[in-house]
Structure formats: structure tokens, C-alpha cells
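Novice: give me coordinates for this.
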Amino acid sequence: MSTALTFAHKNLLASSIAAADGTVHYTTRTTRGLRGRKSTTIRAANGLVGTIKWRDKVFVINGVQREWRRLKSRSGGIFSSGREWKWGNRPYTLKYHNSHKELLATPTSGGAVRFTTYQSHLFRGNKRAAVYFLDQLQDEIEQMFLLMAILQTEIRRQDKERAAGTNDAGVSLDAGVSLDTGISLG
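Specialist: Reported below is the predicted structural model:
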């Protein structure tokens with residue numbers, strides 16, 4: 001059995017995360033600077049605080065700071081898309097499934113924590129992002145760490161998707177723009 005927590009907003013970094021009964025379990029807030037994201041603070045209803053320092057590539061949970069490069073490693077070989085994250089003794093492999101609509105955080109033993117991405121729909125209601133924590137996962141620090149690793153992985157995926165949507169040259173080649181040769185394409 002798992003507990004579903006749904007993000008109230010499309011922006012995962014500025015949202016409340018609540019159970020089906022409306023009980024807010026986490027809130028996320030992000031500060032920005034001239035060069036983009038500075039940090040995202042995640043506050044749990046129980047008082048636990050986690051911070052993602054985007055520029056420093058660091059996670060902080062209740063004052064304990066660790067660099068991503070020490071927490072994350074590639075799993076399954078060079079061509080695998082899975083990443084292994086480890087805060088304490090239990091490593092989790094984070095890997096997307098179902099055309100990047102679902103991210104599973106699978107421990108070396110036991111069930112997986114599941115994250116479903118926000119999905120916009122044209123003719124029906126949008127599907128909000130949600131994270132499903134196993135009921136057996138009682139360690140609050142482990143839950144916070146997994147939420148932080150999931151957010152970091154999903155935001156990185158969104159950033160890459162956004163960057164891929166823009167042309168490298170910053171112009172559309174079918175827009176009739178002339179290139180360095182002076183020859184018009186349209």
C-alpha cells in the first residue's frame with residue numbers, strides 16, 4: 001500500500017504537496033537570482049527541512065549537507081538512464097518509465113516509490129504530478145531525501161526538454177531567415 005501526495009501546482013518548486021484528504025505534508029519554495037534558481041526549500045509538516053542548492057549542487061537535510069556527486073552515481077552501465085542515489089545505507093535507483101511520465105525510485109530490496117509527472121490535456125482536466133510513498137517507508141529523513149532526489153531529477157529532465165525545444169541557433173530555419181551565406185531560405 002502507498003500514500004499518494006499530489007502537487008497543488010504545475011510548478012513543482014513552488015507548491016504544496018498534499019494527501020487526498022487535503023492534509024498538506026510538504027511545501028516547496030524556490031528563490032531565484034539573475035542566473036536562475038538559487039535554492040529550493042522543502043518543509044515537511046513535521047518540521048523537517050530540506051534544501052536543494054542548485055548552483056552548489058548540494059542537498060541539505062536538517063543541517064547535514066552533501067554534494068550531489070557524492071550522493072549520485074550511474075547504475076546499470078554507461079548507456080543506462082538509471083541513477084543510483086544514496087543518503088544513508090539504502091541506495092535507490094531512479095529511472096523513468098512510460099515515456100518519461102513516471103519516475104520510479106527502487107531500493108535494492110522492497111517496493112518502489114513512484115512519481116508521476118504533470119500532464120496537460122487539451123480536452124480533459126490536466127493530471128497533476130504526484131508522489132507515492134510506500135506506507136512501510138517511515139523514516140522521515142529518507143522520505144525527504146527521496147523527494148529531493150525526485151525533484152532534482154524531474155527538474156533536470158524539464159530543463160533538458162525545454163532546451164531541446166529551442167533551436168541551437170535560436171532561430172527557426174523555416175522562418176525565412178537568411179544565414180551567414182546571405183541566401184534566404186524562404
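Novice: so how far is Thr108 from Thr51?
Specialist: Using C-beta to C-beta, to the nearest Å, Thr51 is found at 27 Å from Thr108. Glycine gets a C-beta too; all of them are placed from N, C-alpha and C.
Novice: Ser73 now?
Specialist: For Ser73 relative to Thr108 (C-beta to C-beta), the value is 13 Å.
Novice: mind jotting down where the strands sit in the chain?
Specialist: 2-7, 15-18, 24-33, 36-44, 49-53, 58-61, 64-67, 72-74, 83-85, 92-97, 102-107, 113-116, 130-134 (DSSP state E).
Novice: which stretch in those has the least confidence?
Specialist: In terms of average pLDDT, strand 72-74 trails the rest of these, at a mean of 78.
Novice: show me which positions of that one end up buried.
Specialist: Lys72 (16 or more other C-beta atoms under 10 Å).
Novice: who has more neighbours, Thr51 and Thr108?
Specialist: Thr51 (18 against 11; other C-beta atoms under 10 Å).
Novice: residues touching that one, list them.
Specialist: Listed by C-beta atoms under 8 Å, 6 or more residues apart in numbering, the contact partners of Thr51 are Ser39, Thr40, Thr41, Ile42, Phe59, Val60, Ile61.
Novice: please apply the same query to Phe115.
Specialist: Glu102, Leu103, Leu104, Ala105, Ala129, Ala130, Val131, Tyr132, Ile150, Glu154.
Novice: angle of the longest helix belonging to the chain against strand 92-97?
Specialist: Looking across the chain with DSSP state H, the single longest helix is helix 140-164. Angle, helix 140-164 to strand 92-97, by axes from the mean of the first three to the mean of the last three C-alpha atoms, to 10 degrees: 40 degrees.
Novice: done for today, thanks.
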